[in-house]
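[1] Would you be able to build a 3D model of this:
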Amino acid sequence: MAKDQSDYFRTKQVWSKTKDGILGCYFAPYFSKVIPFSKDGIVYVDAFAGTDVFEDGEPGSPLIALSELRGAMSKQRQRSPIKIILAEKDDSIRAKLESVVRKSAGGTGYLQGDRICFADSFENAMTLSSQAELRTGRQPSTFFYYIDPYGIKDFRLSLVAGSPVPGHTEMLLNFSSSGFIRDARAALKVALTEQDENVMWSVAFAEDVPTTTRVERLNEAIGSDGWIELVIAYGRNEMTHRQLEIEVSALLCRNAQSYYRYVTNMPIRDVSVRREDNGAIKYRLVHMTNNHDGCVLVNDNMIKRNRDTQVIQQQLFLVDIDGNDIDSDTISSAMRKSVMTLPLNKPVSMWAILADVIAEVGVFDKSTAVLKTYLGPLIEEGLVERVEKFTPKTGKPKNTYSGPKTMVYRAK
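    Numbering: from 1, shown residues only. Have a look, this model is predicted:
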């Protein structure tokens with residue numbers, strides 16, 4: 001049985017701090033990057049906004065986003081119009097949230113009136129975002145969705161796939177993978193073969209929801225019916241709960257790739273239990289974008305947060321963000337494959353090459369280290385060449401692998 005939602009807002013748990021920490025750290029570079037190129041405006045949607053401040057004083061995601069947005073806007077010479085849409089189903093929580101957010105916005109001109117609006121459901125928030133018009137007769141330039149539902153019963157993958165401008169859309173989804181598995185087992189009447197304490201903050205379907213309806217809603221949440229075969233295999237003891245969680249999350253990501261080129265994820269863990277496994281997985285934070293810089297920035301953010309807050313058992317060998325071994329040959333092959341898709345002699349950033357590798361292999365190391373280790377040899381063999389081969393000040397050969405502006409091209 002899921003706990004009452006009000007309990008969730010008493011203390012911000014360590015796993016919530018991890019996911020909101022990624023949100024906050026990513027927003028500073030994200031807003032700074034998109035504001036100058038979003039002349040027709042930016043729409044930000046928090047589709048399950050929750051509370052303004054937890055009882056222990058920790059800010060909720062709406063105030064984190066508002067703070068980062070205002071900080072980024074203060075550094076811009078020309079400001080883009082902004083619309084913030086916050087959805088919360090609970091009337092009392094939504095009323096308090098609106099009061100605090102509007103007070104926090106204060107006299108900031110670009111956040112007055114309907115530039116901040118509130119919705120009572122995920123669906124209504126997505127409708128408002130699709131109808132947004134910040135300049136007369138013009139569609140907004142950029143959309144960002146933060147989707148953090150209390151389970152999966154109210155989530156639809158298709159609703160976040162239909163952005164008005166897919167090429168300038170990013171999304172962070174906090175996917176309750178363990179909650180999905182619980183509801184999937186219930187729908188198929190598959191028993192739990194291992195103790196799982198990961199669903200305590202996840203709201204399940206009501207008991208009177210028919211099985212056919214549950215299956216349909218689960219299909220809509222994850223984007224296909226591929227989960228059925230996985231859960232049945234689990235019921236036959238052909239995989240563990242941990243393996244099932246990884247496979248279900250991977251299925252969601254594959255389905256999301258029908259709409260977004262770069263889809264990455266990391267487990268959000270409760271490190272107070274199962275310390276031998278670096279904690280129990282509570283959720284999957286899934287990032288979706290069609291922008292290679294966004295993919296790489298989130299990759300580096302995930303790696304840092306994972307190492308700082310979730311890794312208990314250090315690994316001697318290269319592993320992905322789930323702790324699974326990675327074959328260096330696989331990464332080398334993915335890097336070469338990404339390079340070979342480029343047209344000859346056309347400059348691209350190193351991050352454009354790397355983003356395809358991350359999307360194929362997953363999150364496993366910071367961008368600079370991956371580029372140096374796996375793109376470096378391709379530069380040495382002459383397959384790839386730098387656009388700027390020498391540093392302007394010293395005349396020495398360039399050897400940097402950092403930042404989104406380091407340009408290269410396929411030479412042969």
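[2] Could I get the CA-only coordinates of the lengthiest helix in the chain as PDB?
    Taking DSSP state H as the criterion, the chain has its longest helix at helix 14-34. Provided in PDB are the C-alpha atoms of helix 14-34 (Å, rounded to 0.1, in the frame of the first residue of the first chain):
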ATOM      1  CA  VAL A  14      18.000  11.800  -0.200                       C
ATOM      2  CA  TRP A  15      16.800  10.400  -3.500                       C
ATOM      3  CA  SER A  16      14.600  13.400  -4.100                       C
ATOM      4  CA  LYS A  17      17.600  15.600  -3.400                       C
ATOM      5  CA  THR A  18      19.600  13.700  -6.000                       C
ATOM      6  CA  LYS A  19      17.000  14.100  -8.800                       C
ATOM      7  CA  ASP A  20      16.200  17.800  -7.900                       C
ATOM      8  CA  GLY A  21      19.900  18.400  -7.700                       C
ATOM      9  CA  ILE A  22      20.300  17.300 -11.300                       C
ATOM     10  CA  LEU A  23      17.300  19.500 -12.300                       C
ATOM     11  CA  GLY A  24      18.800  22.500 -10.500                       C
ATOM     12  CA  CYS A  25      22.400  22.100 -11.800                       C
ATOM     13  CA  TYR A  26      21.300  21.500 -15.300                       C
ATOM     14  CA  PHE A  27      19.000  24.600 -15.400                       C
ATOM     15  CA  ALA A  28      21.800  27.100 -15.100                       C
ATOM     16  CA  PRO A  29      23.600  26.200 -18.300                       C
ATOM     17  CA  TYR A  30      20.300  25.200 -20.000                       C
ATOM     18  CA  PHE A  31      18.500  28.500 -19.600                       C
ATOM     19  CA  SER A  32      21.700  30.500 -20.300                       C
ATOM     20  CA  LYS A  33      22.000  28.600 -23.600                       C
ATOM     21  CA  VAL A  34      18.400  28.700 -24.800                       C
END
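[3] Which stretches in the stretch 151-300 of the chain count as strands?
    Secondary structure of the stretch 151-300 of the chain (DSSP state E, counting those that start in this stretch): strands at 169-175, 262-270, 280-289.
[4] Torsion angles phi and psi at Val100?
    The phi and psi torsions at Val100 (degrees, to the nearest 10) take the values phi -70, psi -40.
[5] What pLDDT is listed against the spatially closest residue to it that is not a sequence neighbour?
    Distances taken as C-beta to C-beta, 6 or more residues apart in numbering put Asp52 closest to Val100, at 3.9 Å, once the chain neighbours are dropped. No exception for glycine: its C-beta is placed from N, CA and C like everyone else's. At Asp52, the pLDDT value in this model is 77.
[6] from memory Asp52 sits against Ser61, does it?
    No - with contact defined as C-beta atoms under 8 Å, Asp52 does not count as touching Ser61 (9.7 Å).
[7] so what's the residue nearest in space to the middle of the chain up against?
    The residue lying closest to the centre of the chain (C-alpha atoms, centre = their mean) is His287, at 2.5 Å. By C-beta atoms under 8 Å, 6 or more residues apart in numbering, the residues touching His287 are 170-173, 262-265, 294-295, 298, 302.
[8] same question, Leu252
    157, 175, 177, 222-223, 284, 286.
[9] Most neighbours of all these, which one?
    Ser177 (28 neighbours; other C-beta atoms under 10 Å).
[10] could you say what helices and strands the longest helix of the chain packs with?
    helix 61-73, strand 142-147, strand 169-175, strand 262-270, strand 280-289, helix 292-309 (3 or more C-beta pairs under 8 Å, 6 or more residues apart in numbering; DSSP states H and E).
[11] swap the cut-off to 6 Å and go again
    helix 61-73, strand 262-270, helix 292-309 (3 or more C-beta pairs under 6 Å, 6 or more residues apart in numbering; DSSP states H and E).
[12] How about it, which residues are buried there?
    For helix 14-34, the neighbour count (16 or more other C-beta atoms under 10 Å) marks 14-27, 29-31, 33-34 as buried.
[13] Would you mind measuring from Leu218 to Ala184?
    6 Å (C-beta to C-beta, to the nearest Å).
[14] before we move on, what about Asp293?
    35 Å.
[15] Kindly report the same for Leu63.
    34 Å.
[16] go on, Met407?
    Met407 is 46 Å from Ala184, by C-beta to C-beta.
[17] Looking at those two, which is more packed in?
    For Met407 versus Ala184, the count of surrounding residues by other C-beta under 10 Å is larger for Ala184: 24 against 13.
[18] How about the contacts made by that one?
    218, 227, 231 (C-beta atoms under 6 Å, 6 or more residues apart in numbering).
[19] Quick check, the last one in contact with Ala186.
    Spelled out, it's Val231. No - Val231 lies out of contact with Ala186 (C-beta atoms under 6 Å); the separation is 10.1 Å.
[20] more neighbours, those two?
    Val231 (21 against 17).
[21] ok, Ser177 - contacts?
    245, 248-249, 284.
[22] Among those, which lie within helices?
    Using DSSP H, these in helices are 245, 248-249.
[23] Export those residues as JSON lines, with columns for neighbour count, distance to Asn324 and pLDDT.
    Below are the ones in helices among the contacts of Ser177 laid out as JSON lines (neighbours: other C-beta atoms under 10 Å; distance: C-beta to C-beta, whole Å; pLDDT from 0 to 100):
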{"residue": "Glu245", "neighbour count": "23", "distance to Asn324": "13", "pLDDT": "92"}
{"residue": "Val248", "neighbour count": "23", "distance to Asn324": "16", "pLDDT": "96"}
{"residue": "Ser249", "neighbour count": "23", "distance to Asn324": "13", "pLDDT": "95"}
